[in-house]
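J.: Okay, predicted coordinates and the sequence, questions at the end:
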Amino acid sequence: MSDKLRDFEMYEMQETFDTLYANSKNGDNFKKLYPIIKSRNNILLAYRRIRNNSGRDTVGVDGKNINELNELTDDELVEMVQGKLAKYQPQAVRRVYIPKGNGKLRPLGIPTISDRLVQQCIMQVLSPIYEAKFYEHSYGFRDNRNASHALSRLVSLINVGKQYFCVSIDIKGFFDNVNHDKLKRQLWSSGIRDKQVLSLISKMLDAPVEGEGVQNKGVPQGGILSPLLANIYLDELDKWVASQWVDFPSSYKSTVNFLNLKARNTNLKSGYIVRYADDFKIMCRTYDHAIRFYHAICDFLKHRLKLDVSEEKCSVVDMREKSVEFLGFKIKVIPKGGTRYGYVAKTDISDGAITRIKKESRDIIKRIRYSSDSPESAIHYNSYVQGVKSYYQYATNVASNLSSILIYRTIKSRLSDRGEWGTYQTLDADYKKRNVGMKPNTQILKITDTPLETLYAIRTKKPMNFSQGINLYTKSGRELLNKKSKTEAIPSAYITYIHRNRSRSNNRVDFRDNRISKYVAQRGKCGVLGVRFHPAEMDCHHRIQRIDGGTDEFKNLVWVSHDIHILIHATDSTTINAYKLKLNMTKKQIDTLNKLRNLVSNSPIM
DNA sequence: AATCTTAATAC
RNA sequence: AUUGUAUUAAGAUU
């Protein structure tokens, strides 16, 4: 099960979200969202969802990060957020410029940590509503969907749909130019009719940018809600493109998918949109339709969505003649098997991405050269290789593209004296599975026993179309998702029990979260006895006590039975003997018990 | 089995 | 110095 669903369940929000989704599918308007947003469980869930964000240590304009929030008890956290929501006045967003892939700078707008928490509360509630509405071929920033699904759709349109003309449009600084009034109207017309919620979002959009003041357009890149708002904004584009052909109610259109034989006699234009955030393509059957779409979309963006396009980066191409770039891939349409019987898509890693991979992989190899004798730098290289391969494995030409990087030479010349060489055939099955198609006697370098992964040893994988039934907010949608995982390790009633019962009211939010994670990780078993108990019969023990500087971190906690908990802290010999007799522990159990006793400065028991 | 952290890609 | 959403994998721990 995904982390997300587990968290929804843990905080008893799944049913609420399911209802929002169902009502949204039904076309209902939403007038009472605010009570859900400010509900205790929604706020605690929001904290749980953002506390592991990679930016948790990054401060906003107030100089605060996640540490500010985990100082609070859960009651204080809930009270703080509810107080903020009641008279919402977001703080300024911090301006940071980061380099983009193409050498330009990306302006980030980083809200303060408490504003990020508030945004998460709202996002959780809007997400199920919009998942029910969004166009099926929008793939960016959405649950369970990724770039390979977008690529797959594009390839299907070519191979199955025989759409060889591609319209590419580049929106100028999309995030920074989203029109606030337009966005607010879209929220209203898509059924968000709760005045308090609309006002919250409105105030959020009006949050000043550090040093630049209040903006009348744009959503901050760095805001938690921003990706969702971006999709809401461009959903109108998806639907409009679909209305031109796919959803056009007409007898001129063949019921057979992709066929448009009769369309040439009408003003209809046939085309199919594939969108990943602000990057999208329209695939058409003919050049004429493609050109018409190109002009119509530029006009639509300009007048309906108030967005400019950079014309020099736009194009209409016959993909049989010229390749097109999309999501880091370079796609061309070539004759199938060299015959006249048709065409297929051929995909490569884009030139820019190859250059980046070349540079980055060499840099990491050099770092291994100058690092101390430990596997860490080699593990870093391996996960880099793993990451690159798992993303680009969907390019039909991936093996030859990655071979062209010639990293093997760099490894040989830079690292020969830093590790030991062994043959491929001596390595374990997992390695062979990750690095396929190598000759058994190929020499592989091992850095302190960690064999380096091979960049080019890869077989291309066919991208799969997104299975449209998959969804986090319906039972059937979740079942499709859960195919891989089997029985539930812990009854959800146990989790709910822990969640509801707070042993001490001064517990911090992190303790609440981590003790649940820990109970599930231990599969409900006592850390000493190894036997499962109901949480009511157990205590969550701090290995290092809080008075001694112990934290609420996951690794400092352990669940033990009541009896064991007493034994950890007992100093009186009659108590110790009584419980020893009662529990009749094995030597191994006594050893683990003594380790815990040692951490609280108690002498071991025999 | 499960949790955590850390590495990658897209936008 | 690096936010956010989504996806993927590895490592560590029990």
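T.: Received it, and whenever you're ready, just let me know what you need. Numbering: from 1, shown residues only, chains lettered A, B, ... in the order given.

J.: How many neighbouring residues does the residue in chain A that DNA strand B sits nearest to have?
T.: Chain A approaches DNA strand B most closely through residue A:387 (2.0 Å), counting by CB to the nearest atom of the strand. Backbone N, C-alpha and C define where each C-beta goes, glycine included. Residues contacting residue A:387 under the criterion other CB atoms under 10 Å number 10.

J.: State whether it is indeed within a strand.
T.: No. Counting by DSSP: H, G, I helix; E, B strand; the rest coil, residue A:387 is not part of a strand but helix.

J.: okay, it: pLDDT?
T.: Here the pLDDT value assigned to residue A:387 is 87.

J.: Mind jotting down where the strands sit in the stretch 201-350 of chain A?
T.: A:272-276, A:279-284, A:315-318, A:324-326, A:329-335, A:343-349 (DSSP state E, counting those that start in this stretch).

J.: Output those strands as JSON lines; include the columns mean pLDDT.
T.: Shown next, in JSON lines, are the strands of the stretch 201-350 of chain A (pLDDT from 0 to 100):
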{"stretch": "strand A:272-276", "mean pLDDT": "94"}
{"stretch": "strand A:279-284", "mean pLDDT": "94"}
{"stretch": "strand A:315-318", "mean pLDDT": "95"}
{"stretch": "strand A:324-326", "mean pLDDT": "93"}
{"stretch": "strand A:329-335", "mean pLDDT": "93"}
{"stretch": "strand A:343-349", "mean pLDDT": "93"}
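
J.: quick one, which of these is nearest to residue A:108?
T.: Smallest distance to residue A:108 across the strands of the stretch 201-350 of chain A (CB to CB): 18.8 Å, for strand A:279-284.

J.: Quick one: residues contacting the residue of the stretch 351-500 of chain A at minimum distance from RNA strand C.
T.: Closest contact between the stretch 351-500 of chain A and RNA strand C, by CB to the nearest atom of the strand, is at residue A:390 (3.2 Å). Not one residue lies near residue A:390 by CB atoms under 8 Å, 6 or more residues apart in numbering.

J.: Before we go further, it is sitting in a strand, right?
T.: No. Residue A:390 is assigned helix when assessed by three-state DSSP, not a strand.

J.: Is the closest residue to RNA strand C within the stretch 1-150 of chain A part of a helix or strand, or is it coil?
T.: Using CB to the nearest atom of the strand, residue A:55 is the residue of the stretch 1-150 of chain A that sits closest to RNA strand C, at 2.2 Å. Recorded secondary structure, residue A:55: coil (three-state DSSP).

J.: What residues does chain A have near DNA strand B?
T.: A:1, A:3, A:6, A:52, A:101, A:140-141, A:147, A:227, A:276-279, A:327-328, A:353, A:356-357, A:360, A:380, A:383-384, A:386-388, A:390-391, A:485-486, A:489, A:514, A:517, A:520-521, A:523, A:554 (CB under 7 Å from any atom of the strand).

J.: Can you list which of those are found in helices?
T.: Taking DSSP state H, the ones among these that sit in helices are A:3, A:6, A:147, A:227, A:353, A:356-357, A:360, A:380, A:383-384, A:386-388, A:390-391, A:514, A:517, A:520-521.

J.: residues near the closest residue to residue A:46 other than its chain neighbours, how many?
T.: Leaving aside its chain neighbours, residue A:46 sits nearest to residue A:120 (4.0 Å; criterion: CB to CB, 6 or more residues apart in numbering). As a burial measure, residue A:120 scores 21 neighbours (other CB under 10 Å).

J.: now do residue A:599
T.: With other CB under 10 Å as criterion, residue A:599 counts 18.

J.: what secondary structure does the nearest residue to residue A:349 once chain neighbours are set aside sit in?
T.: Using CB to CB, 6+ apart and skipping the chain neighbours, the partner closest in space to residue A:349 is residue A:401 (4.4 Å). Look at residue A:401: counting by three-state DSSP, its state is helix.

J.: Settle this for me: residue A:401 is touching residue A:393, isn't it.
T.: No. Judged on CB atoms under 8 Å, residue A:401 makes no contact with residue A:393 at a distance of 11.0 Å.

J.: Contacts for the strand or helix carrying residue A:156 next, please.
T.: Using DSSP states H and E, residue A:156 sits within helix A:147-159. The contact list for helix A:147-159, computed with CB under 8 Å, 6+ apart, reads A:137, A:139-140, A:163-164, A:258, A:272, A:274-276, A:281, A:283, A:319, A:326-329, A:331, A:333, A:343-345, A:347, A:391, A:394, A:463-466.
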